[in-house]
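Visitor: missing the sequence, but the structure's below:
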RNA sequence: GCGCCUGUAGCUCAACCGGAUAGAGCAACGGCCUUCUAAGCCGUAGGUUGCAGGUUCGAUUCCUGCCAGGCGUGCCA
């Protein structure tokens, strides 16, 4: 409806331009907005004020001219000028319930937009496969998954991807941690490195390794540690690197056994976890593939050829300062190893080579220092950095009964995503994680998330849906005739009913805005408002009345609300229960 | 030090790319169940939008400075 009205005003603008009242270079697009105050009609536009200055005409006078040239439309009942030059539009009575008709026609397609040709990639979570996902990853997972849904609803062709860091030093640390726990199960007395991975799951993997291989890959701990730098606060990195080196030499090819066991079982755990959370991926992209395919070397060669690399202190540097970075970045260390950043460069080249029109990264907010350099890399490789979007997700702070939950990754006593899901359920998790703007801190109140009251927005919205379902199921001998209801929508006369129909009509534009701005929380706010409108109506108006025309009209409206809630919750990955 | 983000009711947050009288929920107070789920609804109260300037018809929104908080700032991953 907004679009239709906007089109009318565009035509009026055409006319004023044709009449030389407005210069075509000064033209600005018509923006139609919903009014807040019913006294201002249904829709309003500031188009007259926007053009008044350039046209050198008083806003209200210009508004008058616009209205003069506004094409006639059945949908519009009245147009008036108000305030400093707003043009308020009052829609015809019949038009107010048009969204209900549309919603019942389109059903689960209602709110979706036409397919575009745009190919979008969303990469999210991408946590190192060195341990189970924790609650910090949960928000990125919920936000990314919702983003994928929103972009699809917008009509884009979307691919979801998880970047698996299976080639870095952290993986070696993981593997050596598992190997040491394995040695313990063979009866070796070991001293666990302070920089190793601590969690219980490491010991379990050590057990599994022992089950698989027996004592066949065991070596004496004192041999392993013989030439290794001692462990201390300042040398713990050298210590663990030494252990890795020593284990690799001792095991040869069999180093793959702890390495692959750890990688595969943890990755599998992450995959199950995300799948149960409703966060789905089309592609699990391996960092290692960039190594084996030679893409890292290739990317470095490309930067070299373009003159963005230089050598200093035995290392190879990328001159990212040419693109606004604070300092230049190393891509190959003096020991010959490429850095993590080098992989990132190759990865972004790989993404662009796959032909995406838009590439979206969802990162934890602690990575914000990387934005400039990754964009710099894209630009240096000759890609358009405008096609690259990086969205940051702030951490969620967990509260339980008003107390902040302390999280310590050091001791391995973090709360896992799985524990959180077991505790509050998938629906509340998915909803709470995205209910606030992604780049803002989020207070995640566990007590609230599990409470079954109207204070809990998830229950509040789901309850509205369940109420509608129960009404529709609770019919007596005369079944609900939807077409009959749609033919008698004029029986809906109260302000509550008008408000509700208007709210239904807003859904498609909310989806559009949420998708275009990548702001998933807008869906949450919208659904809460819709549910509130419904509860208010339901409380004051009996739906199952004897007059079948009235009854079916009300049931049609209720069905529209039911559909919108279901579609909206679906975007969020939250279920819409039929009864509660 | 430098860079990014944030500052709106007592609390948690909105505010439709600059619009009309800044809105919800919680907490507080007062009402509503013989009727489709009270897991709900209605009402009252609550504000110098961190501070000071600037841009213009109009600023919570854009610009500058200051104050406060968060995060980042490795030949780490």
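Guide: In hand now; what should we look at? On a predicted model such as this, the values are computed, not experimentally measured, just so you know.
Visitor: interface residues of the stretch 1-150 of chain A facing RNA strand B?
Guide: For the stretch 1-150 of chain A, the contact set with RNA strand B under Cβ under 7 Å from any atom of the strand comprises A:31, A:33-37, A:39-40, A:44, A:46, A:49-50, A:52-53, A:59, A:82-86, A:88, A:128. (Glycine included, C-beta is placed from N, CA and C.)
Visitor: Counting neighbours, which of these end up buried?
Guide: Neighbour counting by 16 or more other Cβ atoms under 10 Å classes A:35, A:40, A:44, A:46, A:49-50, A:52, A:59, A:82, A:85-86, A:88, A:128 among those as buried.
Visitor: so which of those comes closest to residue A:238?
Guide: Checking those against residue A:238 with Cβ to Cβ, the nearest one is residue A:128 at 21.2 Å.
Visitor: Inside helices: which ones of the residues of the stretch 1-150 of chain A next to RNA strand B?
Guide: If you go by DSSP state H, these have A:49, A:50, A:52, A:53, A:59 in helices.
Visitor: any idea which of those residues is closest to residue A:118?
Guide: Distance to residue A:118 across these (Cβ to Cβ) is lowest for residue A:50, with 28.7 Å.
Visitor: Give me every residue in the stretch 451-580 of chain A lying close to RNA strand B.
Guide: Residues of the stretch 451-580 of chain A lying close to RNA strand B by Cβ under 7 Å from any atom of the strand are A:452-455, A:459-460, A:463, A:466-467, A:469-471, A:474, A:513, A:516-517, A:519, A:521-522, A:525, A:528, A:532, A:535-536, A:538-544, A:579-580.
Visitor: In ChimeraX, how would I select just the buried ones from the residues you listed?
Guide: The buried residues among those can be selected in ChimeraX (16+ other Cβ under 10 Å) with this line:
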select /A:459,460,463,466,467,469,471,513,519,521,522,528,532,535,538,543
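Visitor: any chance of the buried ones among the residues of the stretch 1-150 of chain A next to RNA strand B in a markdown table, plus pLDDT?
Guide: Listed next are those as a markdown table, based on pLDDT from 0 to 100:
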| residue | pLDDT |
| --- | --- |
| A:35 | 82 |
| A:40 | 83 |
| A:44 | 89 |
| A:46 | 89 |
| A:49 | 87 |
| A:50 | 85 |
| A:52 | 83 |
| A:59 | 83 |
| A:82 | 84 |
| A:85 | 84 |
| A:86 | 89 |
| A:88 | 90 |
| A:128 | 90 |
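Visitor: how does chain A divide up, domain by domain?
Guide: As given by automatic domain parsing, the domain ranges for chain A are A:2-92, A:98-112+A:452-572, A:169-267.
Visitor: The last one near RNA strand B at all?
Guide: Right, the one you point to is domain A:169-267. Yes. In terms of Cβ under 7 Å from any atom of the strand, part of domain A:169-267 sits within range of RNA strand B, namely A:169, A:170, A:171, A:237.
Visitor: which of the domains of chain A has the lowest average pLDDT?
Guide: Among the domains of chain A, domain A:2-92 has the lowest mean pLDDT, at a mean of 85.
Visitor: related to what we said a few turns ago, okay, and which of the residues of the stretch 451-580 of chain A next to RNA strand B map to helices?
Guide: Judged by DSSP H, the subset of those located in helices is A:459-460, A:463, A:466-467, A:469-471, A:513, A:516-517, A:521-522, A:525, A:528, A:532, A:535-536, A:538-540.
Visitor: give me the number of residues near residue A:355?
Guide: Residues lying near residue A:355 (other Cβ atoms under 10 Å) number 8.
Visitor: do the same with residue A:207
Guide: Look at residue A:207: counted by other Cβ under 10 Å, it has 15 neighbours.
Visitor: now swap in residue A:64 and tell me
Guide: By the criterion of other Cβ under 10 Å, residue A:64 has 15 neighbours.
Visitor: residues in contact with it?
Guide: By Cβ atoms under 8 Å, 6 or more residues apart in numbering, residue A:64 lies in contact with residue A:81.
Visitor: Give the helix, strand or coil label for it.
Guide: Under DSSP: H, G, I helix; E, B strand; the rest coil, the three-state class of residue A:64 is helix.
Visitor: For the residue of the stretch 401-550 of chain A found nearest RNA strand B, which non-adjacent residue is closest in space?
Guide: RNA strand B sits closest to residue A:454 of the stretch 401-550 of chain A, with a gap of 1.5 Å, by Cβ to the nearest atom of the strand. Leaving aside its chain neighbours, residue A:454 sits nearest to residue A:460 (4.9 Å; criterion: Cβ to Cβ, 6 or more residues apart in numbering).
Visitor: Touching, the one you found and residue A:452? I think so.
Guide: No. At 10.0 Å, residue A:460 does not count as touching residue A:452 under the criterion of Cβ atoms under 8 Å.
Visitor: Residue A:123 is nearest to which of the domains of chain A?
Guide: Of all the domains of chain A, it is domain A:98-112+A:452-572 that lies closest to residue A:123, at 13.4 Å by Cβ to Cβ.
Visitor: Could you check how far residue A:376 is from residue A:344?
Guide: Computed as Cβ to Cβ, to the nearest Å, the residue A:376 to residue A:344 distance reads 11 Å.
Visitor: okay, how far is it across stretch A:121-131, tip to tip?
Guide: Chord length of stretch A:121-131, first to last residue, is 26 Å (Cα to Cα, to the nearest Å).
Visitor: and it, how far out from the chain's middle?
Guide: How far stretch A:121-131 lies from its chain's middle: 13 Å, per Cα atoms, centre = their mean, to the nearest Å.
Visitor: wait, what's in contact with the closest residue to residue A:462 other than its chain neighbours?
Guide: The spatially closest residue to residue A:462, leaving aside those adjacent along the chain, is residue A:577, at 5.7 Å (Cβ to Cβ, 6+ apart). Shown in contact with residue A:577 (Cβ under 8 Å, 6+ apart): A:462, A:465, A:466.
Visitor: Then residue A:341?
Guide: By Cβ under 8 Å, 6+ apart, the contact list for residue A:341 reads A:318, A:329, A:330, A:331, A:373, A:377.
Visitor: just those now: which is nearest RNA strand B?
Guide: Of all those, RNA strand B sits closest to residue A:330, with 3.6 Å by Cβ to the nearest atom of the strand.
Visitor: Can I take it that the closest one is in a helix?
Guide: No. Counting by three-state DSSP, residue A:330 falls outside a helix, being strand.
Visitor: Now for the closest residue to it other than its chain neighbours, how many residues are close by?
Guide: Spatial nearest neighbour of residue A:330, excluding adjacent residues (Cβ to Cβ, 6+ apart): residue A:315 at 5.0 Å. Residue A:315 is flanked by 15 other residues according to other Cβ under 10 Å.
Visitor: again, but for residue A:375
Guide: The local packing of residue A:375 (other Cβ under 10 Å) involves 20 other residues.
Visitor: State the distance from it to residue A:555.
Guide: Residue A:375 is 53 Å from residue A:555, by Cβ to Cβ.
Visitor: Check residue A:361 too.
Guide: Residue A:361 sits 46 Å away from residue A:555, going by Cβ to Cβ.
Visitor: next one: residue A:193
Guide: 67 Å.
Visitor: And the residue of the stretch 151-300 of chain A that's closest to RNA strand B?
Guide: residue A:168 (2.3 Å).
Visitor: The nearest residue to that residue once chain neighbours are set aside: how many residues sit nearby?
Guide: Counting by Cβ to Cβ, 6+ apart, residue A:168 lies nearest to residue A:340, which is 5.8 Å off, once chain neighbours are set aside. For residue A:340, the neighbour count with other Cβ under 10 Å is 15.
Visitor: Which positions in the helix ranked longest in chain A come out as buried?
Guide: Longest helix in chain A by number of residues (criterion: DSSP H): helix A:548-572. Of the residues in helix A:548-572, A:550-569, A:571-572 count as buried by neighbour count, 16+ other Cβ under 10 Å.
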